[in-house]
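>>> sharing a model prediction with you, sequence too.
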Amino acid sequence: MKLKYGFGLLSTFIMLALVLTIGCTHDYPVPAPPIPPYEKADIGLGGIMYDQYWSTEAAFDQTDPNLSMYNENSDFLRCKSCHGWDGLGTEGSYNNRAPQITRPNVSSLNIYELAQTKTADELFEAMTKTEGRRNLSYNFSTYDPITNATEGDKMPDYTEILTDAQIWNIVKFMKEGMFDVNELYVARYNGVYPTGTSSFQSLGKDGDAANGNSYYAANCASCHGIDGLDISLAGKGIGGFARNKPYELQHKTKYGALGVTPPMVGDYDITIDEMKDLLKALSSSTNFPTDIPDSGPVFFATDVEPIFYTAEKCSYCHNPSGVKPSLNLTQGNSYASISSNGFVDLALPASSIIYSKPQGTHAQNYTAIESGIILRWIQDGAKND
Ligand code: HEC
Ligand code: HEC
Ligand code: HEC
């Protein structure tokens, strides 16, 4: 019995081998084994999506009919709004980011740690869970942090919004593309959400400042300037930003700043050591001063108006026969037109329409430097000088 069985098995093998050999005389293409979705996933796109999944930088379909809804309710949809740039939620740098009618509560979860402990498959499953998640049809205008927060605070049901491949990109970012901020700086968190406070010391920890200076010179100085003061980041230089918000700088250095002019692309390959070196360099307020010094008065005729008419940047459409004639931004006429339209708000300079309109969402937008000039002109009294 045993022998017969053994022989039967052997002959089966011989037959099979024969069939296979004969089969192989035909030239069938051998299909490559499928690449698992996690391996195919793109960390760079994932990190960008964590900031704003519907951005052009994230290669999101810009004809999506929900695009304006996403823009109007962005804080309810961006991962970083609920989980923080550091992934630490209410236990990290967002311990003071209280909800408002336009933004939800921060999540208490530490998704950095969660991503390190779960497998990629488990993380994908967590991301594609539908129960306990907020429907895309939710009406955001009903959100009230005091009386009606439950639904708005929920994580969106991303299966309604993103493809599997896009979710895999985010999963890969969470598992391999997030920095452990504890290695980048010493954070002191006090109090409890939403009235906590945070401060950041020892930027870059044991990083090498000389290497960081070289990294900065090669990758950042062309736009931000040698001392980080060429682009105003809400009035601060890059050093001021780094020392105040290292948790945000680490993400934007790696994944870029979205929707800015000129485009700031991230360095997806930056290592944790390079990041530490960079932060170490930026911790020096001698090399990277905090505030942008007021570089003297701004004049309308020589500093502001040329922004509008040089190369017809704005006057191309904003002239008496252009597509938006009610605002005339041609040389010699723009001051009167801006005033008569009431586009300057001296009480709240940053709310002035002439300042706020062309900020990343208009047909033409100011560069960071032009923005700074317009704002200073308004802050100085918006004079026709
Ligand atoms: C409106 C706030 C909000 C937004 C936006 C949001 N989340 Fe969440 N997220 C939560 C809350 C609250 C929880 C905890 C409860 C839960 O699991 O739903 C959570 C849970 C998670 C979990 C753990 C899920 C589990 O079941 O273990 C992960 C991972 C996660 N979020 C990642 C993300 C990513 C990535 C994005 C962006 C694509 C995102 N979240 C957007 C609020 C949000
Ligand atoms: C091609 C030009 C360019 C380069 C190179 C560049 N940036 Fe930027 N960066 C910008 C612009 C433009 C902004 C947006 C300014 C504004 O808010 O209008 C910006 C903003 C930032 C912000 C603030 C983001 C925010 O949303 O407020 C940080 C932080 C930053 N850059 C860090 C860096 C670092 C670090 C490097 C080098 C690794 C770097 N940048 C390289 C152009 C650049
Ligand atoms: C390609 C055409 C085009 C260009 C170029 C353009 N705009 Fe406009 N702009 C429009 C149109 C159309 C509107 C009206 C629709 C809207 O509000 O978006 C408008 C509206 C505005 C408004 C608000 C007007 C109102 O009545 O509410 C301001 C302010 C403005 N533009 C400023 C600028 C500035 C400053 C620039 C240059 C940096 C500029 N625009 C470049 C087409 C343009």
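Nice, thanks for sending it over. Ligands and ions are numbered 1, 2, ... in the order given.
>>> going forward, measure contacts between C-alpha atoms and count neighbours the same way
Fine.
>>> up against ligand 2, what does the chain have?
216, 219-220, 222-223, 233, 249, 252-253, 257, 260-264, 368 (C-alpha under 6 Å from any ligand atom).
>>> now, those that are in helices?
Secondary structure defined by DSSP state H assigns Tyr216, Asn219, Ser222, Cys223, Leu249, Lys252, Thr253, Ala368 of those to helices.
>>> type out the PyMOL command that picks the buried ones from these.
Listed next is the PyMOL selection for buried residues among those, using 16 or more other C-alpha atoms under 10 Å:
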select buried, resi 216+249+252+253+368
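>>> format the ones in helices among the residues of the chain next to ligand 2 as a markdown table; extra columns: pLDDT.
Output for these, formatted as a markdown table (pLDDT from 0 to 100):
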| residue | pLDDT |
| --- | --- |
| Tyr216 | 98 |
| Asn219 | 98 |
| Ser222 | 96 |
| Cys223 | 95 |
| Leu249 | 98 |
| Lys252 | 98 |
| Thr253 | 98 |
| Ala368 | 78 |
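>>> does Tyr366 count as helix, strand or coil?
At Tyr366 the chain is in coil, as set by DSSP: H, G, I helix; E, B strand; the rest coil.
>>> which pLDDT value goes with the residue in the chain positioned nearest to ligand 3?
Nearest to ligand 3, among the residues of the chain, is Cys314, at 3.4 Å (C-alpha to the nearest ligand atom). We have a pLDDT of 97 for Cys314.
>>> that one in helix, strand or coil?
Taking three-state DSSP, the label given to Cys314 is coil.
>>> which strand or helix spans the residue lying closest to it once chain neighbours are set aside?
With sequence-adjacent residues excluded and distances taken as C-alpha to C-alpha, 6 or more residues apart in numbering, Cys314 is closest to Phe308, at 4.8 Å. Phe308 is located in helix 305-309, with elements delineated by DSSP states H and E.
>>> can you count the residues close to Gly256?
Number of residues near Gly256 (other C-alpha atoms under 10 Å) recorded here: 22.
>>> same check on the one 5 residues further on?
By other C-alpha under 10 Å, 14 other residues sit near Thr261.
>>> neighbours of the residue nearest to it when sequence neighbours are not counted, how many?
Closest residue to Thr261 apart from its sequence neighbours, by C-alpha to C-alpha, 6+ apart: Thr367 at 5.4 Å. By other C-alpha under 10 Å, 17 other residues sit near Thr367.
>>> confidence score at Thr367?
The model's pLDDT for Thr367 equals 83.
>>> quick one: name the residues of this structure near ligand 1.
Going by C-alpha under 6 Å from any ligand atom, the residues of the chain near ligand 1 are 50, 76-79, 82, 104, 107, 111, 126-127, 132-133, 153-156, 170.
>>> put the buried members of those residues into a ChimeraX selection.
Command for ChimeraX, covering only those of the residues of the chain next to ligand 1 found buried under the criterion 16+ other C-alpha under 10 Å:
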select :50,76,77,78,79,82,104,107,111,127,133,153,154,155,156,170
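>>> next step: the residues of the chain next to ligand 1 restricted to helices.
Reading helices off the residues of the chain next to ligand 1 with DSSP H, I get Tyr50, Cys79, Cys82, Ile111, Ala126, Met127, Asp153, Ile170.
>>> burial measure for the closest residue to the last one other than its chain neighbours, as a count.
Counting by C-alpha to C-alpha, 6+ apart, the nearest residue to Ile170 once its immediate chain neighbours are dropped is Gly46, at 4.0 Å. Summarising burial for Gly46: neighbours were counted as other C-alpha under 10 Å, giving 25.
>>> next structured bit after the helix or strand containing Gly46?
Assigned by DSSP H and E, Gly46 belongs to helix 43-52. Under the assignment DSSP H and E, the closest C-terminal helix or strand after helix 43-52 is helix 67-72.
>>> against which helices or strands is that following helix packed?
Using 3 or more C-alpha pairs under 8 Å, 6 or more residues apart in numbering; DSSP states H and E as the contact test, no helix or strand touches helix 67-72.
>>> where along the stretch 51-200 of the chain do the strands fall?
186-190, 197-201 (DSSP state E, counting those that start in this stretch).
>>> so can I have a markdown table of those showing mean neighbour count, distance to Ile338 and mean pLDDT?
A markdown table is the format used below for the strands of the stretch 51-200 of the chain (neighbours: other C-alpha atoms under 10 Å; distance: least, C-alpha to C-alpha, whole Å; pLDDT from 0 to 100):
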| stretch | mean neighbour count | distance to Ile338 | mean pLDDT |
| --- | --- | --- | --- |
| strand 186-190 | 15 | 46 | 97 |
| strand 197-201 | 16 | 41 | 97 |
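>>> closest one to Thr63 among the ones you listed?
strand 197-201 (40.0 Å; C-alpha to C-alpha).
>>> tell me the angle of that closest one relative to strand 186-190?
For strand 197-201 against strand 186-190, the angle by axes from the mean of the first three to the mean of the last three C-alpha atoms, to 10 degrees is 160 degrees.
>>> with adjacent residues omitted, what lies nearest to the residue in the stretch 101-250 of the chain positioned nearest to ligand 1?
At 3.6 Å from ligand 1, Met155 is the closest residue in the stretch 101-250 of the chain, using C-alpha to the nearest ligand atom. Distance criterion C-alpha to C-alpha, 6+ apart; nearest residue to Met155, sequence neighbours excluded, is Arg133 at 5.3 Å.
>>> so the one you found touches Thr159, yeah?
No - counting by C-alpha atoms under 8 Å, Thr159 is not a contact partner of Arg133; they are 10.0 Å apart.
>>> can you pull the contacts of the residue nearest the centre of the chain?
The centroid of the chain falls nearest to Asp51 when counting by C-alpha atoms, centre = their mean (3.3 Å). If you count contacts by C-alpha atoms under 8 Å, 6 or more residues apart in numbering, Asp51 has them with Arg78, Cys79, Lys80.
>>> what's the pLDDT at it?
98.
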